[in-house]
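> Let's see this in three dimensions:
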Amino acid sequence: MKKFLLAMLVLILATAGFIFWLFARDADGVPILIYHRVSDTDDNPQTLKVADFEAQIKYLKENGYSFIMPDDLLDAWEKGKSLPAKPVVITFDDGHEDIYKNVFPILQKYGLRVTVFLVTDHVGMPDYLTWDVIRALQNGGYIDFQSHTKSYKDLNTLKPDKLWNEIYGSKQAIEWALNKPVKFIAYPNGKYNVDTEDTCKECNFRAGFIEDYGLAKNDDDNFILTRIPVVGSNSQTLLRFQLRLKGSPIFAPINRFKQDISEGNPEVADLIFIP
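Numbers count the residues shown, from 1 in each chain. Sure, this is the predicted structure:
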């Protein structure tokens, strides 16, 4: 019995030490949050209810988080500029029209800015923003529009000329439409490879973003900056949000392990819970 208790104590201490190390390792990390939809009429897992999104923004404000933009983050890392206390970056992918209908009023109410990554071929399609609305939102100062590629193709499958067109074509379209530089790109489904990174560098992007559960850190590759996905359709949406935000150092390696075994052992991967 004593040996069992001793073994349990060692296991508990080792686990606690490992968790402490994970959090210490990411102490300087910055959460970059990724949203997709904010709507009361769409129930897919990527959609938050309007009230849930506002509750999350209110939580961040009330708990001392400072909203920054990607340029602020890169300037701090590359130019030594200081970051405010508890920085957080808010991003949206795709460019759906609910950004104007449901997100923009909340941005105005709380006085914060976000980045929206556009799929440029989808602009003007049903359920997506139009260029006129995008221009108005960009000029309003609350939203900055960046690239989510031209037509949302899997970049890992494209030959060099198609890859260039998908990446540079989107950058060029936004720059022409908004008369401003486009410096950031979010890869469709977070998929990228060396050719993708090299093409983005050739196109003079400053950084690229993927989807993960980890925090972005100064020693990361600027073209593989992680973003924490925020999901909806859950009765404990705010709690789930808090767990992902604060537990990122733990959930990031768990999610990577889950992805590593998902192809060969999907049944086992499904048993691994991530909030």
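
> alpha carbons only for contacts and neighbour counts from here, please
Fine.

> Now do the strands in the stretch 101-250 of the chain.
Counting by DSSP state E, counting those that start in this stretch, the stretch 101-250 of the chain has strands at residues 114-118, 143-147, 184-186, 207-209, 228-229.

> which residues are in contact with the shortest one?
Looking back up the chat, that one is strand 228-229. 31-35, 211-215, 244-245, 248 (C-alpha atoms under 8 Å, 6 or more residues apart in numbering).

> how about the strands of the stretch 101-250 of the chain in CSV, adding mean pLDDT and distance to residue 222?
Below are those laid out as CSV (pLDDT from 0 to 100; distance: least, C-alpha to C-alpha, whole Å):
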stretch, mean pLDDT, distance to residue 222
strand 114-118, 98, 17
strand 143-147, 98, 15
strand 184-186, 98, 10
strand 207-209, 98, 5
strand 228-229, 94, 16
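
> Longest strand in the protein, please.
strand 87-94 (DSSP state E).

> Give me the sheet partners of it and which way each runs.
Strand pairing for strand 87-94, determined by DSSP bridges: strand 32-35 (parallel), strand 66-68 (parallel), strand 114-118 (parallel).

> Counting neighbours, which of the contacts of strand 228-229 end up buried?
For the contacts of strand 228-229, a burial check counting by 16 or more other C-alpha atoms under 10 Å picks out 31-35, 211-215, 244-245, 248.

> quick one on the thing from earlier: how about the contacts of strand 228-229 in a markdown table, adding pLDDT?
What follows is the contacts of strand 228-229, written out as a markdown table (pLDDT from 0 to 100):
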| residue | pLDDT |
| --- | --- |
| 31 | 97 |
| 32 | 98 |
| 33 | 97 |
| 34 | 97 |
| 35 | 97 |
| 211 | 91 |
| 212 | 87 |
| 213 | 89 |
| 214 | 91 |
| 215 | 94 |
| 244 | 90 |
| 245 | 92 |
| 248 | 85 |
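
> Hmm, residue 187 and residue 153 touching each other?
No: Residue 153 is beyond contact range of residue 187, at 9.3 Å (criterion: C-alpha atoms under 8 Å).

> Which one's more surrounded, these two?
Legend: neighbour count by other C-alpha atoms under 10 Å for residue 153 and residue 187, higher for residue 187 (25 against 18).

> Tell me who's in contact with the more buried one.
148, 149, 155, 208, 209, 210.

> swap the cut-off to 7 Å and go again
148, 209, 210 (C-alpha atoms under 7 Å, 6 or more residues apart in numbering).

> next one: residue 168
residue 203.

> and if we set it to 10 Å?
Contact partners of residue 168, counting by C-alpha atoms under 10 Å, 6 or more residues apart in numbering, are 147, 149, 150, 162, 199, 200, 202, 203, 204, 205.

> can you check residue 101 too?
Residues near residue 101 by C-alpha under 10 Å, 6+ apart: 38, 39, 129.

> Return the distance of the first one relative to residue 127.
Think residue 38. From residue 38 over to residue 127 the distance is 12 Å, taken as C-alpha to C-alpha, to the nearest Å.

> Between these two, point out the one with more neighbours.
Neighbours per residue, other C-alpha under 10 Å: of residue 38 and residue 127, the larger number sits with residue 38, 27 against 12.

> That one pairs with what?
residue 48.

> Where does the prediction get shaky in this protein?
1-27, 233-235, 268 (pLDDT under 70).

> can I assume residue 61 sits in a strand?
No: Residue 61 is assigned helix when assessed by DSSP: H, G, I helix; E, B strand; the rest coil, not a strand.

> What's the local residue count around it?
That count, for residue 61 with other C-alpha under 10 Å as the rule, works out to 14.

> which residues touch it?
55, 67, 110, 112.

> ok so, going back, just the buried residues of the contacts of residue 187.
For these, buried by 16+ other C-alpha under 10 Å: 148, 209, 210.

> The last one touches residue 184, doesn't it?
No: contact criterion C-alpha atoms under 10 Å: residue 210 and residue 184 do not qualify, at 11.4 Å.

> any shared contact partners between these two?
With C-alpha under 10 Å, 6+ apart, residue 210 and residue 184 have common neighbours residue 223.

> Cheers, nothing more for now.
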